[in-house]
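Participant: Prediction below, plus the sequence it came from.
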Amino acid sequence: MPENSATLELPVDRSSESAARTCRLVTLGCKVNQYETQLVKEGLERNGYREALGDEPADLCLVNTCTVTAEADSKARQTIRQLAKHNPGTSTVVFGCYATRAEEELAQLPGVAAVVTDNRELPDVLQRFGVYDWPGGISRFDGHRRAFVKVQDGCILNCTYCIIPQVRPGLRSREPVEILAEVRRLVDNGYREIVLTGIHLGHFGVEATRGRSGRAPYRLWHLLRAIDALPGDFRVRLSSLEAAEVGDDFISAVADCERLCPHFHLCLQSGSNDVLLRMKRRYRTGRFLEKIERIREVFEQPAFSTDVIVGFPGESDADFAATLATCESARFMKIHAFPFSARKGTPAHDFPGQISGEVKKDRLGQLGELEVKLRRQYHEVLRGRRLKVLVEARPARHAGCVQGTACRYVAVEFPGSPSDMGRLLEVEVTEVLDSFLSASRVENRA
């Protein structure tokens, strides 16, 4: 990737380093971006910055951008303009995926002092703003009861609808010893769920497997087993995976990982083989469903969620019907459905057979109805079952209760108090409601 090119060279002013400096951070986009912003935040704090409170103006603003859709680009530009308006005289540093793709465009926005086109250059760029001591990882995850841990960066696939391989090319996996130290630190600081994430999580360690580093292979399942052996009361959840990477070696290696949540987010995108071919996905529906059944053979009542793109160019009524049928066969308990958004710079942007917004809306509605049905079916399977629930700061629907997320990624409400926040508690499901489960408390654990 190109080295960072700042749009405005600023002199390093060390005269006020001992004074309190304020900052404001805005994150747009995915779990990886949220992790990266937390890392930047802790780096700023180590060098004397604190977050601006309320309407207090910030000396330095940072915007971590997303570029998955044109709407994401627009939101980033709007955010930058608003920061300049409400923080007169501030310097804004822009980084993330949109910054990589449109350095010159972002440099013209008000208040922008630097556009970082490669996040690895952030520590060097921020030295100009008095940041000299950079952390090797995070120690907390502000605003969350669970902590995301980025283990991998980059994507080398060529899906025809996706811009991400252009803005995060190549593959880079973090050192296992660094990841394990970070997980230990987060657990010691009270986090009871660790979510492993990456731009392409299933490709963790692939560059070593390809022999580029000369080391023995160390893949995602090796990392999971190492984390499973760490002390403490916590669990591990995986973010999205590609079905092509969930092979027998992965499944057999993690089947006995006690900390691993039995929840797998496998990205389907479409249930039509013809559409998958045009998307340049690496599987067909038959193989995808085989992977799901293989996981079901090993894990007890695992939960499956997925992503689906509705209205891909050329998607016929028959193609969409195939998507509905595949989702039903997979028995997904959650479906993240998105209307296709033509992304300039991707092959699919110029594909013939673009689908109207009205058709996309109708298909999204049908998929939403199916999701409700499948979620209810899965919830019924959990009736009477004991689940581990992470209590979160979400309001419960009934007085004297708390709500959290179970290991199987379902919302559960049960008797509790504010002192339970952030704890892992065991419950037994007693009732299936529309969008969550009601449960009784089994035992208390810290």
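Facilitator: Everything's here; your move. From a predicted model like this one, the values you see are computed outputs, not experimental measurements.

Participant: okay, CA-based contacts and neighbour counts for the rest of this
Facilitator: Fine.

Participant: can you map out the strands along the stretch 201-350 of the chain?
Facilitator: Along the stretch 201-350 of the chain, the segments classed as strands by DSSP state E, counting those that start in this stretch run 235-238, 263-265, 303-310, 334-339.

Participant: okay if I get these as TSV plus mean pLDDT, mean neighbour count and distance to Ala229?
Facilitator: Putting the strands of the stretch 201-350 of the chain into TSV (pLDDT from 0 to 100; neighbours: other CA atoms under 10 Å; distance: least, CA to CA, whole Å) gives the following:
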stretch	mean pLDDT	mean neighbour count	distance to Ala229
strand 235-238	98	22	11
strand 263-265	97	21	20
strand 303-310	98	21	24
strand 334-339	97	18	30
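
Participant: now those as JSON lines including distance to Ile295?
Facilitator: Listed next are the strands of the stretch 201-350 of the chain as JSON lines, based on distance: least, CA to CA, whole Å:
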{"stretch": "strand 235-238", "distance to Ile295": "14"}
{"stretch": "strand 263-265", "distance to Ile295": "9"}
{"stretch": "strand 303-310", "distance to Ile295": "10"}
{"stretch": "strand 334-339", "distance to Ile295": "17"}
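
Participant: Nearest to Ala255, out of those strands?
Facilitator: strand 263-265 (12.2 Å; CA to CA).

Participant: Which of the strands of the stretch 201-350 of the chain sits closest to Asp420?
Facilitator: Asp420 lies closest, by CA to CA, to one member of those: strand 235-238, at 16.7 Å.

Participant: Identify all contacting residues around the strand or helix carrying Leu387.
Facilitator: Secondary structure from DSSP states H and E places Leu387 in strand 386-392. For strand 386-392, the external contacting residues (CA atoms under 8 Å, 6 or more residues apart in numbering) are 145, 192-193, 402-408, 412, 420-429.

Participant: Only whichever of the residues you listed are buried, select them in ChimeraX.
Facilitator: Of those, the buried ones go into a single ChimeraX selection, burial set by 16 or more other CA atoms under 10 Å:
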select :145,192,193,402,403,404,405,406,407,408,412,420,421,422,423,424,425,426,427,428,429
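
Participant: Among the contacts of strand 386-392, which lie within strands?
Facilitator: Among those, DSSP state E puts 193, 402-406, 412, 424-429 in strands.

Participant: Just flag the most distant two among those.
Facilitator: Across those, no pair lies farther apart than Glu193 and Val429, at 20.6 Å, counting by CA to CA.

Participant: A helix includes Glu358, no?
Facilitator: Yes - under DSSP: H, G, I helix; E, B strand; the rest coil, Glu358 falls within a helix.

Participant: wait, what's in contact with it?
Facilitator: Glu358 neighbours (CA under 8 Å, 6+ apart): none.

Participant: Give me the pLDDT for it.
Facilitator: On pLDDT, Glu358 comes in at 97.

Participant: what's the distance between Gly247 and Glu207?
Facilitator: The gap separating Gly247 from Glu207 is 18 Å, by CA to CA, to the nearest Å.

Participant: okay, those two: which has more neighbours?
Facilitator: Each of Gly247 and Glu207 has its neighbours counted (other CA atoms under 10 Å); Glu207 has more, 19 against 13.

Participant: what about the nearest residue to that one once chain neighbours are set aside, neighbour count?
Facilitator: Closest residue to Glu207 apart from its sequence neighbours, by CA to CA, 6 or more residues apart in numbering: Leu171 at 6.5 Å. The local packing of Leu171 (other CA under 10 Å) involves 19 other residues.

Participant: Next one: Cys23 from Ala58, what distance?
Facilitator: 5 Å.

Participant: Quick check: neighbours shared by those two?
Facilitator: Contacts common to Cys23 and Ala58, judged by CA under 8 Å, 6+ apart, are 51-52.

Participant: So which of the two has more stuff around it?
Facilitator: With neighbours defined as other CA under 10 Å, Cys23 and Ala58 compare such that Ala58 has more, 25 against 22.

Participant: Do I have it right that Leu276 meets Arg284?
Facilitator: Yes - when contacts are counted by CA atoms under 8 Å, Leu276 is listed as touching Arg284 (6.9 Å).

Participant: what's near enough to touch Thr22?
Facilitator: Thr22 touches 49-52, 57-60, counting by CA under 8 Å, 6+ apart.

Participant: Outline the domain layout of this structure.
Facilitator: Split into domains by automatic domain parsing, the chain comes to 21-129, 147-381, 386-443.

Participant: Quick one, which of the ones you listed gets closest to Ser139.
Facilitator: Proximity to Ser139 (CA to CA) singles out domain 147-381 among those, at 5.4 Å.

Participant: Measure how far that closest one is from the centre of its chain, please.
Facilitator: Distance, stretch centre to chain centre, for domain 147-381: 10 Å (CA atoms, centre = their mean, to the nearest Å).

Participant: List the backbone torsions phi and psi for Thr65.
Facilitator: phi -100, psi 160 (degrees, to the nearest 10).

Participant: Just grab the bridge partners of it for me.
Facilitator: Note on Thr65: beta-bridge partners by DSSP bridges are Gly96.

Participant: okay, it: pLDDT?
Facilitator: pLDDT, Thr65: 97.

Participant: who touches the host helix or strand of Gly43?
Facilitator: According to DSSP H and E, Gly43 maps onto helix 31-46. For helix 31-46, contacts defined as CA under 8 Å, 6+ apart pick out 25-28, 50, 64-65, 96, 131, 133-135, 137-138, 140-142, 148-150, 197-199.

Participant: Show the average pLDDT along that helix.
Facilitator: Taken as a whole, helix 31-46 has a mean pLDDT of 97.
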